[in-house]
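> I'll drop the sequence and a predicted model, then ask my questions.
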Amino acid sequence: MSMNNSPNVFLDPSPNRFQVNVINESHETNAASPENADPPHYEETSFSDEAHNRLRISYRPGNRELYDNFLQNGDSARTDGSFHPYDTHSYTYYLQTFGHNTVDAVPQIDYYRNTATISGVKLNRTSLSEIHEQLAKNIAVSPGSAAKVTKGDGVPGEEEAANEEEESKGGFVKFGWVKGVLVRCMLNIWGVMLFIRLSWIIGQAGIGLGVIIILLATMVTSITGLSTSAIATNGFVRGGGAYYLISRSLGPEFGGSIGLIFAFANAVAVAMYVVGFAETVVELLKSSNAIMVDEFNDIRIIGSITVVLLLGISVAGMEWEAKAQVILLVILLIAIANFFIGTVIPTNAEKRARGFFNYQASIFAENFGPDFRGEGFFSVFAIFFPAATGILAGANISGDLEDPQSAIPKGTMLAILITTIAYLGVAICAAACVVRDATGHVNDTVVFGTNCNGSSACALGYDFSSCESQTCGYGLMNNFQVMSMVSGFGPLITAGIFSATLSSALTSLVSAPKVFQALCKDNIYKVLRFFAKGYGKNNEPIRGYVLTFFIAVAFILIAELNTIAPIISNFFLASYALINFSCFHASYAKSPGWRPAFKYYNMWVSLFGAVLCCGVMFVINWWAALITYAIELFLYIYVTYAKPEVNWGSSSQARYYINALDSALELTTVEDHVKNFRPQCIVLTGGPMTRPALLDITHSFTKNNGLCICCEVYTGPRKLCVKEMNSGMAKKQAWLTKNKKKAFYAAVAADSFRDGVKSLLQASGLGRMRPNTLVMGFKKDWRDATAVQVENYMGCLDNYPSIITLGVVIVRISQGFDISQILQVQEELEKLEQERQALEATIKDNEFGAGNRGIRGFFSKDRKLTVTKYESKKDSSINTIQSMHVGEFNQRLLEASTQFKRKQGKGTIDVWWLFDDGGLTLLIPYILTLRKKWKDCKLRIFTGGKINRIEEEKLAMASLLSKFRIKFSDVTVFGDINMKPNKESWKVFEEMIEPYRLHESCKDLTTAEKLRREAPWKITDAELEAFKEKSCRQVRLNELLQEHSRAANLIVLSLPVARKGVVSDHLYMTWLEILSKNLPPILLVRGNHKNVLTFYS
């Protein structure tokens, strides 16, 4: 069913079985104007049993007249009236279906707008969770969500205010496709070349090659026009023309680089057209003997005066500029018609002496071939090509068009067609009527009996053979004012030249600042932000006009048209190449968002157009092309390095995704090999900013080498956990990106920490890119934690079968990892600082207002004193908080959290490779030594052996390391690892374990059983006795570590394995505690006992 935009469609009495009931839920009258955004509709659909075939609105009694105020766009109805029984808030409307109300929103354009758009307010549809909640509660809607839906989300206050301010000025001037695109493109294409260079071009290249030159230029512009049309119809187009199209398609890197070049090219084009105008004026002055200084200086003077006048018209606003364009187009069309009429008006003796003989087959045949004089095909093409560069004149003011999606394709393609026909017609007609050389002397006729040079002029009775030995002043090759001579009324051609040059100059003078303003508004080049400001109801870029003016004047001073034209040819061609490539790339990326309404394009034709543009650039002028690409590359690198904070959904992003997806799929077909093993870590950091040191040490051996996933487990009420988790995902991933951590962030909500880690271990990764190593921090507060907390922590190591396939790394530093309390205090201080700054700004505003209120300023003193007094109170509170928290700041903890960011300097990484776990214990420290921060550290290897084979085992270890090609500074073999520790060390162990012992052996059987049931987590005497030897080993290892590795930068130690279900959690935690106590940073590592090292090639 289709519905028009008129409210009468709802009053149509024609029957229809689809019934919609509109219910008003507002009792307040909306005082806003009808232009303001309306509240959203909410729809429920009902199908009545009766066979009604009409669409109907149900009105409550007495309120029918209230529905007459229905908006023309059909978005919503605005009514007054009494409360509905289901009223819960103001300004919300529902459609009723199945007898129930719902907050489910009807499809509406306002939900799909960008924030801060001037075309309407962006509304925020109710979230899925809110719908679930409301359905569960059987309530229509909550006041909170209603306000959010009505007001919209994401519209910044400043931008919204700015939009309202602009709209209050009286609205924007908008143009249709004829006035906004067709007229501009035709005027810009019919520039200076049509009247004062086309005859020279056709004289040089001849009719055959001249037509090819015109058609080659048309091919470039037509393909570019098709690509432009496709991009312009793929979504709403704002101001910025070529820059906007390229940047939103290929991203800010390409858009930012070409935007500056394109704006500069348009600014130089102003100079080209003004110089063409000035040349014509100087010719008139020359014919009247009224030269002011000399020809070149007169061009400079007249050009400078002209561009000042054009600047005045542009600054006056788009309305005046558009009116001027229409007048100039009328003059231009009359001038072109005047030329064609002149070709059929019988010529006279004076015109024949200047080479014009009306249409003659002999002249057509003579002028068909080329006659290059100091030029070549591509040099002539380079001079002509700027005549075709006006195709983006309409697109450049896309922000001032009523419907850019429709206007740009229609206006641009039709303008290309019309202007191409005109160029071909003028070129062929001129070449069929005028000879290449003529003296201009009426008496140079053929005398009977004399030999002539056999030219077509000879056959027509004129002898221009003297032009072979000397330069003549007339003919296609010598006279730039051929069209004026041929025309029926010469002054009209002069008027046409003025119209063409001035209109093109005016169009370029408007285009350059508009493109430049759009570039500056996006803040890609922060130093250019000054030029983003607009003035007036049409947001005119006055500052950009002034900058364009100075650029144009600088090039006007060159005063040579043939020198200026090739300069901008390369810039325009570079822009066209990127527009074509944008269309190709968007199609090639196969993004679902690429849905252009314009269907008459082909991705491969666009690619051909891009290649053609690049080829033409080098053919025209290879060194200028290299300079253009060098400038573009420099700007591209700059923008890439600057990383502007924009996200436009470019085709580059789509291609990145496709490439990553293809690579991931290809990787699944590649079998794992030991030579390609790399640690791919899942790191239990929680929020990555809360445990930076744990992330830093992991990042040290995964950066540019392997996968790193920072994981966080949320425990507690599921609803709150999921909400908190979802709200923090983007923020924490952004923190990783901002801090240049090549890592991913993942989070999960679970009933317990152990279950969450289990889920992460099972689900993390994709294809071959799955974690193979679990990294976690040592639980420093385990002795103060509850038994459940310790059990959850230990459960991470007991998550079979997940953990058995992974390596495990437990990291311990003396100060611990968690700095969340410090971050919280810093956040509080930052908030207070922001409040203080806001308060200072308020005081300044009040002082400024007091100074401007005249005599009323007297009464503002009390207010000022009050604010100042309040400020001192705030400052004192800040100082109090600072003094209160300074003592709480653990400076050592703060320093410890950054210790792995610093360069380690000369030192050692001590590797205690006690058990063969496949080589992970050795591989991780080796990778560390490849990093800048650790490269000055040497590896020292420690291992255990038999006391009577120390030297042999030392040689065997050195040989193994050499085969692995791992450099080391020393190998130490201990034969006394299994010796009993000294009494002091053992006493420390016993004191540490005492609170967790059951002591069941000294109790009777009943009491012992009761204790086991009450505290099953406690260590039994039988367990302690069974593992006494292993306990002694951990204490002894700590003694050896204290003796040999106390000064190491980092210790890497084989992690002891606890037998599942046999060793209690607290006993194992005691082992880890005593093993790593009072040592430098230590990594307890245990591989999954599969080889990660090999000495085979």
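Yep, it's here.

> need the contact list for residue 908.
Counting by Cβ atoms under 8 Å, 6 or more residues apart in numbering, residue 908 touches 937, 938, 939, 940, 969, 1045, 1047, 1048, 1049. Every C-beta, even on glycine, is put in place using the N, C-alpha and C of the backbone.

> would you confirm that the fourth one contacts residue 972?
It refers to residue 940. Yes: applying Cβ atoms under 8 Å, one finds residue 940 in contact with residue 972, separated by 7.1 Å.

> re the thing from before, redo the contacts of residue 908 as CSV? Include secondary structure.
Shown next, in CSV, are the contacts of residue 908 (DSSP: H, G, I helix; E, B strand; the rest coil):
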residue, secondary structure
937, strand
938, strand
939, strand
940, strand
969, coil
1045, coil
1047, coil
1048, coil
1049, coil
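
> from these, which would you call buried?
By neighbour count, with 16 or more other Cβ atoms under 10 Å, those hold 937, 938, 939, 940, 1045, 1048, 1049 as buried.

> ok, so of these, who is nearest residue 924?
Residue 924 has its nearest neighbour among the buried ones among the contacts of residue 908 in residue 939, at 11.1 Å by Cβ to Cβ.

> pLDDT wise, what is that closest one at?
In this model, residue 939 is scored at 94, pLDDT.

> and which of the buried ones among the contacts of residue 908 is nearest residue 570?
Closest to residue 570, out of all of the buried ones among the contacts of residue 908 and judged by Cβ to Cβ, is residue 937, at 53.4 Å.

> what's residue 286 in contact with, if anything?
The contact partners of residue 286, by Cβ under 8 Å, 6+ apart, come to residue 295.

> average pLDDT for whichever strand or helix holds it?
Element membership for residue 286, per DSSP states H and E: helix 252-287. Confidence over helix 252-287 (mean pLDDT, whole number) is 84.

> report the distance from it to the chain centre.
Offset of helix 252-287 from its chain centre (Cα atoms, centre = their mean, to the nearest Å): 31 Å.

> would you mark the buried spots in it?
252-283.

> ends of stretch 941-956, what's the gap?
With Cα to Cα, to the nearest Å applied, stretch 941-956 spans 12 Å between its terminal residues.

> my bad, stretch 702-712
Span of stretch 702-712 from end to end, Cα to Cα: 19 Å.

> do stretch 661-680 as well
By Cα to Cα, the extent of stretch 661-680 from end to end equals 19 Å.

> and if you look at stretch 1080-1097?
Stretch 1080-1097 has an end-to-end distance of 36 Å (Cα to Cα).

> tell me if I'm right that residue 200 and residue 477 touch.
Yes: the criterion here is Cβ under 8 Å, and residue 200 meets it with residue 477 at 6.7 Å.

> what does stretch 516-531 rub up against?
238-241, 243-244, 247, 252, 255-256, 259-260, 263, 399, 532, 534, 539, 541, 543-544, 547-548, 639, 642, 644, 646.

> filter those residues to the buried ones?
238-241, 243-244, 247, 252, 255-256, 259-260, 263, 399, 532, 534, 539, 541, 543-544, 547-548, 639, 644.

> tell me the secondary structure for the residue nearest the centre of the chain?
When Cα atoms, centre = their mean is applied to the chain, the residue found nearest the centroid is residue 647 (3.3 Å). Classification of residue 647 by three-state DSSP places it in coil.

> which strand or helix spans the nearest residue to it once chain neighbours are set aside?
In space, and not counting its chain neighbours, residue 647 is closest to residue 653: 8.0 Å by Cβ to Cβ, 6 or more residues apart in numbering. Element membership for residue 653, per DSSP H and E: helix 651-668.

> next one: that helix to chain centre, how far?
Worked out by Cα atoms, centre = their mean, helix 651-668 lies 18 Å from the chain centre.

> now swap in stretch 1068-1075 and tell me
Counting by Cα atoms, centre = their mean, stretch 1068-1075 comes out at 50 Å from the chain centroid.

> kindly report the same for stretch 532-542.
A distance of 25 Å separates the centroid of the chain from that of stretch 532-542, by Cα atoms, centre = their mean.

> same question, stretch 188-207
42 Å.

> need the phi and psi values for residue 807.
Torsion angles at residue 807 (phi, psi; degrees, to the nearest 10) stand at phi -80, psi 160.

> about what we covered before: I'd assumed residue 252 was in contact with the residue nearest to residue 647.
No: Residue 653 is beyond contact range of residue 252, at 11.1 Å (criterion: Cβ under 8 Å).

> residues contacting residue 262?
241, 242, 243, 515, 571, 572, 575.

> one more time with 7 Å, if that's ok
By Cβ atoms under 7 Å, 6 or more residues apart in numbering, the contact set of residue 262 is 242, 243, 515, 571, 575.

> just say helix, strand or coil for the second one.
Using three-state DSSP as the criterion, the local structure at residue 243 reads helix.

> okay, it and residue 575: tell me how far apart.
Here residue 243 is placed at a distance of 9 Å from residue 575 (Cβ to Cβ, to the nearest Å).

> identify the contacts common to those two.
Shared contacts of residue 243 and residue 575, defined by Cβ under 7 Å, 6+ apart, comprise 258, 262.

> quick one: the buried ones among the contacts of residue 908 as TSV, columns for distance to residue 431 too.
Formatted as TSV, the buried ones among the contacts of residue 908 follow (distance: Cβ to Cβ, whole Å):
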residue	distance to residue 431
937	81
938	83
939	83
940	89
1045	93
1048	89
1049	84
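
> wasn't residue 476 part of a strand?
No: Residue 476 is assigned coil when assessed by three-state DSSP, not a strand.

> now it. Nearest residue, chain neighbours left out?
Closest residue to residue 476 apart from its sequence neighbours, by Cβ to Cβ, 6+ apart: residue 203 at 3.1 Å.

> give me the neighbour count for that neighbour.
Neighbours of residue 203 under the rule other Cβ atoms under 10 Å: 29.

> ok so, going back, tell me the least confident of the contacts of residue 262?
Among the contacts of residue 262, residue 242 has the lowest pLDDT, at 76.

> residue 219 versus that residue, what's the distance?
Residue 242 is 19 Å from residue 219, by Cβ to Cβ.

> more neighbours: these two, which one.
Between residue 242 and residue 219, counted using other Cβ under 10 Å, the more crowded position is residue 242 (32 against 16).

> how near is the more buried one to residue 926?
Residue 242 is 52 Å from residue 926, by Cβ to Cβ.

> equivalent analysis for residue 829, please.
Distance of residue 829 to residue 926, given as Cβ to Cβ: 42 Å.

> next: residue 610.
Applying Cβ to Cβ, the value for residue 610 to residue 926 is 47 Å.

> go on, residue 280?
77 Å.

> same question for residue 221.
In this view, residue 221 and residue 926 are 60 Å apart by Cβ to Cβ.

> looking at these two, which is more packed in?
Set residue 221 next to residue 926 and count neighbours by other Cβ under 10 Å: residue 221 wins out with 29 against 21.

> report how many residues lie close to residue 433.
25.

> again, but for the one 3 residues further on
With neighbours defined by other Cβ under 10 Å, the count for residue 436 comes to 27.

> if we can go back for a sec, who's in contact with the residue nearest to residue 476?
436, 476, 477.

> follow-up on the earlier one: buried stuff in the helix or strand just after the helix holding residue 653?
Once the chain leaves helix 651-668, the next helix or strand it forms, by DSSP H and E, is strand 681-683. Neighbour-count burial for strand 681-683 flags 681, 682, 683 (criterion: 16+ other Cβ under 10 Å).
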